[in-house]
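Next comes the sequence, and after it the predicted model I'd like to discuss.
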Amino acid sequence: MKFTIQSKDAASKARAGVIETSRGPINTPIFMPVGTQATVKSVSQKDLAERVQAQIILANTYHVYLRPGLEVISKAGGVHKFMNWDRPMLTDSGGYQVFSLSEIRKIKEEGVSFRSHLDGAKIFLSPEDATDIQRTIGADIFMAFDECPPYPCDINYARKSMHLTHRWLSRCITRYKETEPLYEHYQSLFPIVQGSVYPELRKESAQFAADQGMDGNAIGGLSVGEPAEQMYEMTDLVCDILPYDKPRYLMGVGTPENILESIALGVDMFDCVMPTRNARHGFIFTSEGIINIKNERWKLDYSPLDPIFTPDYSKAYVKHLIKCNEMLGASIASIQNLSFYVWLSQEARKHILEGDFMAWKKEILEKITRRL
């Protein structure tokens, strides 16, 4: 994998670049739609490629491991062939699911034991297991196994958790170097920076990740309930330490404002379930502002849901579909939101290249964050 920075914004730390993978280029900054179970909910791969114009999507290691399972993925020739997606893909390590399953898991040095949320079956995941699983899934970029500490947590817990993540990272890298890709496509392993909201821990973790010399680095453990100001502070600290010439991935973030502010701090890659999750509940991001399509004011509004991304369906029709819980409503709204998010990241890229990113950011945020 190769990362080339094409332009740096003069008024911020934002940069425009390209990640070259064996399955194609990724123009950064980039938003990556989340396909938890090897599918982006209610959106076909054709629509992802052609309407959303996604350059890379995510799959979730924990969920794919449980369903359909590694045998199914392996015999299909990897997740790309299984789901008919020929562009780059990223998998998380399963570490966030360890965090979210806090009531049914036990963490120790060897790894994590927990029970499946599906049938209660006992499962154990070690750093080596997480690496092997992601090799089998076949993602182009995959994450080191980590522990994501809760927010809030005291500094002693955060420090202990961070050092465990570092030891697990070393084991992941050893296993990564001992193994080879299974499907003739190069795979990159990214370390994950942890440390909660404690500056000294974030600095230490960022330096440890940077010292590993991997193809890129991820920033984890944010957007888990902390104030946005703390998220930006930690992101800023970390980006100053992580290698300038490697892509930086801020995991699980976030709102359009979060993304643009983090781009200004030097982040290159983003993912979040917000576009699809909000879409299914009628909360829609548009090029003109934010719409709650369930509101009565849209009942007789026959103008396009969005003149740029969804000119072929009216607000009144989408309101009707969402109100009736029709699957088409979730699909239209999800495509709209994802198209908006990908467009926003690529517009940011365009303005970094043109040299007016910060002025554009101020103007566009006033427009897209207003409630219609």
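Nice, I can see it. Numbers count the residues shown, from 1 in each chain.

Who's the closest spatial neighbour of residue 243, skipping the chain neighbours?
residue 210 (5.5 Å; Cβ to Cβ, 6 or more residues apart in numbering). Quick note: C-beta positions are derived from backbone N, CA and C, even for glycine.

Determine the number of other residues adjacent to that neighbour.
17 (other Cβ atoms under 10 Å).

Helix or strand next in line after the one helix or strand it maps to, which one?
For residue 210, the enclosing helix or strand under DSSP states H and E is helix 199-211. Later in the chain than helix 199-211, the nearest helix or strand by DSSP H and E is strand 217-219.

So the residue nearest to residue 243 versus residue 240, what's the distance?
Using Cβ to Cβ, to the nearest Å, residue 210 is found at 11 Å from residue 240.

How about residue 337?
In this view, residue 337 and residue 240 are 32 Å apart by Cβ to Cβ.

and the two? which has more neighbours close in?
residue 337 (27 against 13).

tally of neighbours for the residue nearest to the more buried one when sequence neighbours are not counted?
Spatial nearest neighbour of residue 337, chain neighbours left out: residue 275 (3.6 Å); criterion: Cβ to Cβ, 6+ apart. Around residue 275 sit 28 other residues, with neighbours defined as other Cβ under 10 Å.

Can you point out the buried residues in the helix holding residue 210?
The neighbour-count check on helix 199-211 (16 or more other Cβ atoms under 10 Å) flags 201, 202, 203, 204, 205, 206, 208, 209, 210 as buried.

ditto for stretch 326-339
329, 330, 331, 332, 333, 334, 335, 336, 337, 338, 339.

How far does that stretch sit from its chain's centre?
Relative to the centre of its chain, stretch 326-339 is centred 19 Å away, using Cα atoms, centre = their mean, to the nearest Å.

Convert the C-alpha atoms of it to PDB, please.
Written as PDB, here are the backbone C-alpha positions of stretch 326-339 (Å, rounded to 0.1, in the frame of the first residue of the first chain):
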ATOM      1  CA  GLU A 326     -41.500   0.300   3.700                       C
ATOM      2  CA  MET A 327     -38.100  -1.100   2.900                       C
ATOM      3  CA  LEU A 328     -37.700   1.200  -0.100                       C
ATOM      4  CA  GLY A 329     -37.900   4.200   2.300                       C
ATOM      5  CA  ALA A 330     -34.900   3.000   4.200                       C
ATOM      6  CA  SER A 331     -33.000   2.300   1.000                       C
ATOM      7  CA  ILE A 332     -33.700   5.700  -0.500                       C
ATOM      8  CA  ALA A 333     -32.900   7.500   2.700                       C
ATOM      9  CA  SER A 334     -29.700   5.500   3.300                       C
ATOM     10  CA  ILE A 335     -28.400   6.100  -0.200                       C
ATOM     11  CA  GLN A 336     -29.100   9.800   0.200                       C
ATOM     12  CA  ASN A 337     -27.300  10.000   3.500                       C
ATOM     13  CA  LEU A 338     -24.300   8.000   2.300                       C
ATOM     14  CA  SER A 339     -24.100  10.000  -0.900                       C
END
